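Engineer: after the sequence you'll find the predicted model.
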Amino acid sequence: MNTNIKHVAVVGAGVMGHGIAEVCAISGYKVTSLDISEDILERAIESIARSLEKLHEKGTLKESPQIVLNRIKTTLNIEDLRDADLIIEAVTENEDIKKNVFRKLDSIVKSDAIFASNTSTIPITLLAKATNRPQKFIGLHFSNPPVLMPLVEIIRGEDTDQITVNVAKNFIKSLGKEYVIVNRDVPGFLFNRINTRIFIECVRLLEEGATAHDVDAMVRFRLGWPMGGLETLDIIGVDVFHLGISEMSKRGYPLRIPKTLEEMVLQGKLGVKRGEGFYKYPKPGAYVRPPILPTENMFSLNPFRLIATAVNEACWLFQNGVCIKEDVDKAMVLGMNLPMGILQLADRIGIDYLYTLLKQKFDATGFQEYKPNAMLEKMVEEKTLGLKTGKGFYAWNYERTDFGPIRYEKRHDHAVISICRPEKLNALNEACWKGLRSAFEKAAVDEDIRAVILMGEGRAFSSGDDISMMDLWKKPLDAKIWLEKFANPLMEIMSNYMKPIITLVNGLAFGGGMELNVVSDIVIASEDALFAQPEVLIGAFPPVASIYGVGLMGKRYIRYILTGEWMTAKQAKDLGLVDITVPSDQLEATGAEFVLKILRASPLATEFAKTSINILKNAFYEIHKTAVKDFAFLPLTDEFKEGIKAFLEKRPPKWVGSEKKE
């Protein structure tokens, strides 16, 4: 076998074909480009010339464009490929056409030449059987556009020998590209098997009532991916995608093809090339990127469905020996320009949560593609859940410390602090205040920690200060000790905290629980969360909410302080207390999403931002310290005593008037 590649032939001069030819020529190879039409070849050379000029202008092409162009010879005559060392086929994605090409080549080119197909869906083994050299036949699936995208899939057929694989590896490295190895010839290989799951889920969200804009906004601004799934399909071509997944489905890839795709193909809504697909374009072939901006509705959709189906597919690949986990993440990062591999992202979201999403979809639809893979099920059983347990698809730094009823978890690069009194709706007693302070102090000195999540276990974030604790206050000194020893130190720490604090609010956030949200940085609430400052209803005084709340949210907040009225998550969002509302089942996953957004920011810039933010917070805290002197008189008032007693007896209080002592 010829292991020294010098002459590369590319059969097919379409978008992929001429792109591959250009990449090979840039890397110094002699290239012969074959097609059936002189017009096609001329357009290909024109496109290559324009591309080379742009690369030269950017400084990424060191040679002159003409020198590179001189390495490419075009031909209509298959005989001109006789002495090629490597022949890469990039013709129409049609099995019969590809087989005919290889049959002709097999009788013409030298016996030690290697055959490669750029197919994205047709089995390499099937194409290899059209030749007498199946051991020298391999898949080389370039990402589009080949000149810019750094990834190539190297796919083994059933008979591909190791020498051919090694030659392919060296060849791809010589092009300055990265590769992933697909060890088994399965429909869709690696890249397209996983991408199909992602794109299909985008279409299903559309069929469930979302707009294309909302779906793609969710993908771009929540997951942080460079392009939305539907705008990507418009570029690929809806018909091309439909044809590809239909072929994969016929060959055993479990998939229920959405009717929307079939209807769009019938209607000619094929994407950019027809001027309309999921979006409209100025005219056929005139691509103008859709003006996708963040929307409110993108938070009502669940982006983690995309990750769940992709991860489930990845587990199937591992289980069947198709590839290794590192290559899955490498393929998605390099092939799709994602900021993070899907398995890394899965570890952050939580393997158990993704498993639950799949199980719910499978139970609701019966679609086999949603059936959780056995590997995923085993990970859940063994508590291999990702960052929250220290091990998932990867190993992570994890530690847990309990500060009384407060659980502290270091999850690699962020901390999760949980109030764990679910039987008391996480009411804050002295042990809670003390534990919260210790947990925040621990996270503050850990250099690995970039953000802190605060949440409540069970049905509530926190129902407020524990009334039974307050019932024990019999004199002003009791309240003063509580303030100085427990409440004030925590509020001071949070008001001056140098790491972003994210609160996740499920259920109730009343009284002291409300105040913890007021002094945090980002508040994410479930859509059914409730907020209130009910202190006036029990004869108490809410100094933190009065000062911070009115200062940060304005006059409209006064109503809630004076009446103790409850507010919904939407009302709290309208006031500015809550930043994001999401369905309750997304709450913790959305917390992980926002940690990632913080991690992508500059650490130094984040520190400077927090310094500025804390100037305002600390100013409110200083006013707060002055105001809380009144709080010390509460245990002496009849109103306070009546309010506490009424609450404990579960009856309306009977007020007799103000009893404040001078």
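Structural biologist: Arrived safely, thanks for sending. Numbering: from 1, shown residues only.
Engineer: pLDDT-wise, which helix or strand of the protein ranks last?
Structural biologist: In the chain, no helix or strand scores lower on mean pLDDT, DSSP states H and E than helix 543-544, which sits at a mean of 59.
Engineer: any idea which helix or strand comes after that helix?
Structural biologist: Sequence-wise, the next helix or strand downstream of helix 543-544 (DSSP states H and E) is helix 550-553.
Engineer: need the contact partners of that next one.
Structural biologist: For helix 550-553, contacts defined as CB atoms under 8 Å, 6 or more residues apart in numbering pick out 518, 557, 558, 561, 575, 576, 577, 616, 620. C-betas here are computed from N, CA, C, even on glycine.
Engineer: will you turn those residues into TSV that also has neighbour count and pLDDT?
Structural biologist: TSV is the format used below for the contacts of helix 550-553 (neighbours: other CB atoms under 10 Å; pLDDT from 0 to 100):
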residue	neighbour count	pLDDT
518	26	89
557	23	86
558	13	87
561	19	85
575	18	91
576	14	92
577	24	93
616	13	80
620	19	72
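Engineer: ok, these vs residue 12, which is closest?
Structural biologist: Minimum distance to residue 12 across the contacts of helix 550-553 is 57.8 Å, recorded for residue 576 (CB to CB).
Engineer: if I look at residue 16, how far off is residue 172?
Structural biologist: For residue 16, the distance to residue 172 equals 15 Å [CB to CB, to the nearest Å].
Engineer: neighbour count winner among the two?
Structural biologist: Comparing residue 16 with residue 172 by other CB atoms under 10 Å, the one with more neighbours is residue 16, at 22 against 19.
Engineer: apart from its neighbours in sequence, what residue is nearest that one?
Structural biologist: residue 90 (4.7 Å; CB to CB, 6 or more residues apart in numbering).
Engineer: in this structure that neighbour contacts residue 8, no?
Structural biologist: No - using CB atoms under 8 Å, residue 90 makes no contact with residue 8, being 11.7 Å away.
Engineer: tell me which stretches of the stretch 351-500 of the chain form strands.
Structural biologist: Applying DSSP state E, counting those that start in this stretch to the stretch 351-500 of the chain gives strands spanning 398-403, 406-411, 414-419, 451-456.
Engineer: can you redo those as CSV with distance to residue 507?
Structural biologist: Output for the strands of the stretch 351-500 of the chain, formatted as CSV (distance: least, CB to CB, whole Å):
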stretch, distance to residue 507
strand 398-403, 22
strand 406-411, 17
strand 414-419, 12
strand 451-456, 7
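Engineer: quick one: which of the ones you listed is nearest residue 255?
Structural biologist: strand 406-411 (34.6 Å).
Engineer: tell me which of the contacts of helix 550-553 fall in helices.
Structural biologist: 518, 558, 561, 575, 616, 620 (DSSP state H).
Engineer: for residue 364, state which of the residues you listed is nearest.
Structural biologist: Within the ones in helices among the contacts of helix 550-553, distances to residue 364 taken as CB to CB reach their minimum at residue 575, with 35.9 Å.
Engineer: show me the shaky parts of the stretch 1-150 of the chain.
Structural biologist: 1-3 (pLDDT under 70).
Engineer: tell me where it has strands.
Structural biologist: Secondary structure of the stretch 1-150 of the chain (DSSP E, counting those that start in this stretch): strands at 7-11, 30-34, 72-75, 86-89, 114-117, 137-142.
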